[in-house]
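J.: Below are the sequence and a predicted model for it; my questions follow.
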Amino acid sequence: MLRFALLISFALGTGCDRGPSKSEAATAPAITPTGTLTPTGTPTAPMGPPTGAVKTTSFGAGVTVAEVTSIDKILATPEAVKCKTVKVEGMVIDVCPKRGCWFEIAGASAGQKMKFKVTDGEMVFPIDSKGMYASAQGQVSVKDLTLDESKQYAEDQAKEYGKPYDPASITKPMQIVRLDGTGAVFRDKK
């Protein structure tokens, strides 16, 4: 029962406005392979290093936020950016193996990562995207769990990844920080 309540509470959001509706998102400009915004034609710099002709794949509304916010900064002070729309960049280190509804993107510091989550079926990220470079845009979601919810969450994660779980290892409540995604652009690493 607790698992169901936890999943429902997080699925319903964390009190943030979820941003533009699907119809508004459909009219938002997207980044083209050359790094320019369309349909406005406003030029932008290509996503991070490297430059040159690189194949890109866009998802959802694409990425329209110009300034990159570091994952490390978001994780250090999540309340400062809670409910704000940000753009993050980095390497895709994991992808949802079941429905492709999320991916994890690495921060600059060792062990720092952030989950980019969308509603199942809204965008589907290919499992072979691991190792690609991503530019992702979404709203920062912060969820404080109780100790019991933290233990249940850790147990669910252990089951999903086939890892051992010891409830005694969870001694304090967790905070889950993720990006509720509106768009992303992947490119090959080169």
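T.: Here it is on my side, so go on. Residues are numbered from 1 along each chain as shown.
J.: switch to C-alpha atoms for all contacts and neighbour counts from now on
T.: Noted.
J.: Quick one: neighbours of residue 98, just the number.
T.: 9 (other C-alpha atoms under 10 Å).
J.: which ones are touching it?
T.: Listed by C-alpha atoms under 8 Å, 6 or more residues apart in numbering, residue 98 has no contact partners.
J.: and what of residue 72?
T.: 107-109, 112-113.
J.: Quick check: which element contains it?
T.: Taking DSSP states H and E as the criterion, residue 72 maps to helix 71-76.
J.: Now the element after that helix, going C-ward?
T.: helix 78-81.
J.: ok, residues contacting the helix or strand just after that following helix?
T.: Later in the chain than helix 78-81, the nearest helix or strand by DSSP H and E is strand 85-95. Outside strand 85-95, the residues within contact range by C-alpha under 8 Å, 6+ apart are 48, 63, 65-71, 101-108, 125-127, 129-140.
J.: Would you write a PyMOL line that selects the buried entries of those?
T.: Buried residues within these, by 16 or more other C-alpha atoms under 10 Å, are selected in PyMOL with:
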select buried, resi 63+69+70+71+101+102+103+104+105+106+107+125+129+130+131+132+133+134+135+136+137+138+139+140
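J.: Sort out for me which of the contacts of strand 85-95 are in strands.
T.: Of the contacts of strand 85-95, the ones assigned to strands by DSSP state E are 102-106, 133-140.
J.: Let me have these in JSON lines, adding distance to residue 57 and pLDDT as columns.
T.: Below are these laid out as JSON lines (distance: C-alpha to C-alpha, whole Å; pLDDT from 0 to 100):
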{"residue": "102", "distance to residue 57": "16", "pLDDT": "95"}
{"residue": "103", "distance to residue 57": "14", "pLDDT": "97"}
{"residue": "104", "distance to residue 57": "17", "pLDDT": "97"}
{"residue": "105", "distance to residue 57": "16", "pLDDT": "97"}
{"residue": "106", "distance to residue 57": "19", "pLDDT": "96"}
{"residue": "133", "distance to residue 57": "11", "pLDDT": "96"}
{"residue": "134", "distance to residue 57": "10", "pLDDT": "97"}
{"residue": "135", "distance to residue 57": "10", "pLDDT": "97"}
{"residue": "136", "distance to residue 57": "12", "pLDDT": "97"}
{"residue": "137", "distance to residue 57": "14", "pLDDT": "98"}
{"residue": "138", "distance to residue 57": "17", "pLDDT": "97"}
{"residue": "139", "distance to residue 57": "21", "pLDDT": "98"}
{"residue": "140", "distance to residue 57": "23", "pLDDT": "98"}
